[in-house]
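> structure for this input, please:
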Amino acid sequence: MEDSKIREFMGLNEEQEVVLNLDAQPVVEAGAGSGKTTALVARYLCILEQGRADVDGIVAITFTENAASEMKGRIRSRIKEYIRRYGERGFLRRDAVRKLTGAPIGTIHGFAARLIRENPLESGVSLDFSIVDEIEKGALVRKAIDDLILGLWQSESDGEGLLKKILKEEGFNFEQIRKKLSEIIYLADTFHIEPPFCVFGGNELKEEVGKEKLIEILIDRINGFPDKYPNKNVEKKIGKVKELASKVLNSPYGSGRVSFISDICKELNGICNLKKADNSDKDLAGELLDLANQILSLFDLELSHLYKELAERAFYLIRERKRQLGVLDYEDLLRFARNLLEDSSERCASYISRFKYVMVDEFQDTDRLQFEIIRLLCKKAGANLFVVGDSKQAIFGFRGGDPSLFSRLKGEGNDFKSFVRNYRSQAPLVGFFNKFFERHFDRGYEYMRPEIGASSRIHPLEFIVSFGNTTGECRRKEAKSISRRILELCKQGYSFKDMALLLRYRTFMYVYESSLREFNIPYRSVSGGTLFAQTEVRDIVAFIRYLLNPGDRIAEACVLRSPFLGASDEELLSFYGKRERVEKISDFLEFVGELRKAAFSLTPVSLLEFILRETGFDSAVLALRDGLVKYENIGRLLRVFKRLESMGLNIVDILNYLESGFEEDYEPPSQSELIEEDSVKVLTVHKAKGLEFPVVFLADLDHAGGESKRVAVTGKGEFLVRHEGTSSSLWKQVSELKYREEIEEEKRILYVAKTRAKDLLVVAWGKSKKSSSSGKNLSSLIESVIGVSSELSADRVSFCGFEIPIWQEKGMEKTFFEEAKGKPSGFSALEGFPLVTGDLHVGERGGDFVLPIGRLFPLEVGKLMHRFLELWDFREESVLSTARFVLAEAFCVDCGSIIELFSSMARNFLKSELIGRIRRARRVYREVPFLVEDRDSTERGRMDLVLEEERSVSVFDYKYVMERSELASYREQLKRYLHIASKRFKKHTDGFFVILPQVELVPL
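Numbering: from 1, shown residues only. Take a look at the predicted model:
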C-alpha cells in the first residue's frame, strides 16, 4: 500500500487496518458497535485511492436497500472531504461522486437484477421482463394453486385421482389444501429447493396394507383391555380409549381416523403419567402409545407424498405462469444470475471481468444460493473478496440465512480477523454483555472491548418488574411502567427520540402503543407487517365487502365502528340489540346504499377510487396520529389494486388475497430516518438490526409467538406435512431438529436486542400466575443465565458482580389505573374534515355559550370536549391546532360551530380558578382509566381530571350543559372516584364538578 492517507483520514484503529491490505482477502468477524461500516467505507476509498479499480469495478453487497443508500451517502461525503483535504488521487476523483449513482452498491437481489438486465440474451429471460414484489407474487401463486385444484377437480370427476385422495385425507377442506400447498411453495422458494421434492423419513413409508394392519392390531389390543380396574382413573381413561377406537373403525376418511388416533395417544399418555397407576398398566399403555404414534407417522408420510406430487405440479405451473407474463420474482433473480455466472460464453466472461473487488456486508445472513453467486462471481472475474459479518447477529434463518456459511469461509484458510472494540455502549454495559453472552454462546465467544468509559449520568442496567393474574394483565402493567419510566428519563435529560422500545414479535405492539398514548408520549411505530394489518386498510376492505354484500353484518358493524362513521358501543347496541332507530346510523346506511348503486359497474381500481373520493377517507386520515403513514398506506393499497387488477384478479379475488396476508417486511429503517422526529421508537428486534439508541427497553419477553406450523422443512430440504391438530412421532422428530436451530437463533436475537443500547438497557420482566415458560422465549433465555425470578422480592438482581436495580411500582395490587382501550368513538361523520384557517386569540371571558352543533347530540359534543381537554396543553396559541386535530380525528362535519365552542371554552378555562390549580399541581392526570376489583365484581371507569398536590388530591368531573340542580344524581359517582383516588394516592381527596363550557367549579 503506497503512501495511503486512508488510515489517518478515516481514523482507523489497528484492528481495522486489515481492510487496507488490498492484496489480502480478509474475513472479518465484527462485533456489535465495532465500526464495520467505517472499515467498509475505508476499503472502498483505498481501492479508489490506489488506482486498483474505479467505482464501476467495485461490487458492494449490503443486506438492505437502506444500508446501501447509507453506504453510498457516506462514501460520497468522504470522497468530497478527502479531495478537499488531500486533492485527487488514483480513481479518487471528483467524477467518482457522479459515478456513484450507478455504482454496483446494493442488495444481492439488486446486483442479480443488474447482471440479468445487462445480459438478457445470455440469461434466457424476456428482454422487457419486470420484477414482481411479494404482494404480486403471492397473488400469482394463489391463483395458480386455485387453477390447479379446479383443473384436477374437473378432470377427476369420475375417478380416484391425486386431489380426491388428498381431499379424503383432509376431510374435504379445500382451504386447508390451499394453505399447505402455499406453505410448501413458500418454503421451496425461501430455501431454493427445486423438484423433485423429498419427504422427510420417506424411506420408512409402508404399503397401504401395512398401515391398515397396524390399525387393526391397535384396535384389537385396545378391545382386549378389561372393563374394570382397581384404579378408577385408569378405568375411566381406558373407557375413553375404547370409545375412540370404535370411532376409528367407523370413520370413512383419513382426517377423522387420524384425529381419533391422536386422541387415543393423549389418553394413553395420560395413563403413563398417572402416579398411582400400576406399572403393568403403564407398560401396556406405553407399548400401545408407541404403536399409535407409528400409525400417525405413517399417515403423515402418506399425506406428505401426496402433497409432494401436488406441490411439484404447482411449482411448474407457477414457473410457467411467470414465463408467460414475462416476470421474475426475487428467487428467480438469484437463480438466473447463478446460471448466468456459470455461462462460459465469451461475452459474459468479458462483462464479468470488469469487477475487480467484491465486498459483502452482513455475511452471516447470506443463504446458500447467494453464497454460490458470490463465489462464482469472484472465480469468473478473478475478483478480490472481502466479507464482514457477525455470527452472533445471524437472525434471519427463517428467510434462508445460513450462519454456517460464514463459519465455513472463516475455516478455509482466509485471512481471518476480529473487530472486538465497541464504540457504541458505555463500559459497564459492554462488561455485562460479555459476562451474559459467554454463557449463551458455547463456542469461542470473544469478549468485546469498550472504547467508551462509564457514564455518571445514569446506571446502565435496570429491570422493570410487573405482576398480574393473567399474561394480558401483566403485559398492560408492564406497558404502563415503561411509559412512566420514559417520562422519568425525560426529566433526567433524555429526549423521546433517545429511546426505543423493542419487542420480539409485533403481536401485542398495540398494548404498548396504547400506554404511550395514555401518557401523552409521542411515539413512532416501525412495525412492518402486512398491508392488511394496518387499521386504515382493514377499514377500507370492510367497507368494500359491505358495499358488495349488504347482508354481511360483520362487515357492516366494522364499518359503523370505523372512522367512516365512528358509532359508539351504545349506539350500536341500540341499533342492533334494541332495534331502535339511531339517526346517524340510518343516515349513513342510506348514504352507503346510494354508493352501492354505482359500485357494481366499476372495476376494482375504479371502485376503490370512487369510495375514497365520495367519503374523503384518504384526506381525513392525514390529521390522525401517524396520518402521513396512514395516507401512504392507502396509496400503497391503491397501487396493489392496480397491479392485481392487471393480473386479471377481480374484486373478490383481491379482497381474499389481502385478508390472507403476505410476508412481513423486515427491512430495517435507516438511523438518520429515525432521529429526525422527537418520538419514542417502537419496533421489533429484526427492525432494529443495525440501529442504536441511547436508551433501549426490551419488553414482552415472555411471548413465544408464532402459530403452529402445518409444513416443516429440514436443513437438507426434506418436507413433512402433518395432519391438522396432530403430532406424530415423525413430526416431533423433525420439530426437534428445528427447535434446536430456533433456540440458537433466539440467543442471537437477544444479543442483537441488548447490544442496541448505548447508555441504558431496561429489561421489562413480567410474570403472571398463568404464564408458562416455553424455553424458546427471550425471558427463558435471560432466566437461564441470571435467575431473575428467584430475586424478584428484592430491590436488585445480582449477576457476576453487577448489581442491577429493579424498578417496580407498588401499592396497586387491587386498585389501579389501567390503559385506555380503543379510540374515541360516537361522532357523526360522512365527509372528510374541512380545513379551518385564521388565527384564534383568547380574549375576555366567554359567555355561557351553548350552540346546537349540527346533528350532534349533547353526549357527542361532550365527548368532543373531553377529548379536547385531554389533549390541549392549556396554552392560548395551541387552541386552534388542538381543535383541528380533535375534529379531524372524529371525522366531524360541522367544524365551524365546534371550533367556536372550543374557543369559548378555552377562554373561560384560561380565566378560571381551575387553571391556577392545574399550574400549581405536582402532577396532572387527564382522562385516567381505572379498574377496581373485589371478590364479586370488577368496576371500570374514567376520571376526567386528577390533580396531585403535596398533601392532597383533587378529582374533577366534567359536565356539559348542566344546571347545578342536575348534579345531584352524579354525586355518588364522584364520591366513588374520591374513594378510589384516596386508595391509589394515600392522600386527602376533594372533588369538584366542572360545568362546561362555562368552566364553573362546583364543590362536591
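> next structured bit after the helix or strand hosting residue 210?
Using DSSP states H and E, residue 210 sits within helix 208-223. Sequence-wise, the next helix or strand downstream of helix 208-223 (DSSP H and E) is helix 232-250.
> what helices and strands are in contact with that next one?
helix 208-223, helix 254-272 (3 or more Cβ pairs under 8 Å, 6 or more residues apart in numbering; DSSP states H and E). C-betas here are computed from N, CA, C, even on glycine.
> as JSON lines, those with mean pLDDT and mean neighbour count would be great.
JSON lines is the format used below for the helices and strands packed on helix 232-250 (pLDDT from 0 to 100; neighbours: other Cβ atoms under 10 Å):
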{"stretch": "helix 208-223", "mean pLDDT": "85", "mean neighbour count": "14"}
{"stretch": "helix 254-272", "mean pLDDT": "90", "mean neighbour count": "21"}
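> just checking, next helix/strand downstream of the helix or strand bottoming out on mean pLDDT in the chain?
Lowest on mean pLDDT, DSSP states H and E among the helices and strands of the chain sits strand 815-817, with a mean of 37. Where DSSP H and E defines the elements, the next helix or strand beyond strand 815-817 is helix 858-871.
> tell me the domain boundaries of this protein?
For the chain, automatic domain parsing gives the domain ranges 6-129+342-419, 132-325, 461-528+667-810, 531-660, 858-1003.
> export those to a markdown table and tack on distance to residue 455?
Converted to a markdown table, the domains of the chain look like this (distance: least, Cβ to Cβ, whole Å):
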| stretch | distance to residue 455 |
| --- | --- |
| domain 6-129+342-419 | 15 |
| domain 132-325 | 43 |
| domain 461-528+667-810 | 6 |
| domain 531-660 | 33 |
| domain 858-1003 | 28 |
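> residue 622 touches residue 628, doesn't it?
Yes. Between residue 622 and residue 628 there is a contact at 6.7 Å, judged by Cβ atoms under 8 Å.
> more neighbours: these two, which one.
Higher neighbour count among residue 622 and residue 628: residue 622, with 14 against 10, using other Cβ atoms under 10 Å.
> pLDDT score for the more buried one?
Here, the pLDDT recorded for residue 622 equals 77.
> which parts of the stretch 651-800 of the chain are helices?
Applying DSSP state H, counting those that start in this stretch to the stretch 651-800 of the chain gives helices spanning 651-660, 671-674, 685-688, 729-754, 778-786.
> of all those, which one is nearest residue 57?
Nearest to residue 57, of all those, is helix 671-674, at 28.3 Å by Cβ to Cβ.
> remind me, longest helix of the chain?
Across the chain, the longest stretch assigned as helix under DSSP state H is helix 279-325.
> packing partners of that one?
By 3+ Cβ pairs under 8 Å, 6+ apart, helix 279-325 packs against helix 134-155, helix 162-169, helix 174-190, strand 198-199, helix 208-223, helix 254-272, strand 718-721, helix 729-754.
> so for the fourth one, mean pLDDT?
Mean per-residue pLDDT for strand 198-199: 95.
> so is the one residue sitting closest to the centre of the chain in a helix, a strand, or just coil?
In the chain, the centroid-proximal residue (Cα atoms, centre = their mean) is residue 506; its distance is 3.4 Å. Using DSSP: H, G, I helix; E, B strand; the rest coil, the structure places residue 506 in coil.
> look up phi and psi at it.
Main-chain dihedrals, residue 506, degrees, to the nearest 10: phi -90, psi 0.
> quick one: pLDDT of it?
Predicted confidence (pLDDT) for residue 506: 85.
> cool, and residue 964?
Reported pLDDT for residue 964: 64.
> what segments of the stretch 451-600 of the chain are helices?
Counting by DSSP H, counting those that start in this stretch, the helices of the stretch 451-600 of the chain are 471-491, 509-518, 535-548, 553-561, 569-572, 583-599.
> dump the second one to CSV, restricted to CA.
Put plainly, it is helix 509-518. What follows is helix 509-518, C-alpha atoms only, in CSV (Å, rounded to 0.1, in the frame of the first residue of the first chain):
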residue,chain,number,x,y,z
MET,A,509,-47.4,-3.9,20.0
TYR,A,510,-50.8,-2.2,20.3
VAL,A,511,-50.8,-2.7,24.1
TYR,A,512,-47.6,-0.6,24.4
GLU,A,513,-48.7,2.0,21.9
SER,A,514,-52.0,2.4,23.9
SER,A,515,-50.0,3.0,27.0
LEU,A,516,-47.8,5.6,25.3
ARG,A,517,-50.8,7.4,24.1
GLU,A,518,-52.4,7.4,27.5
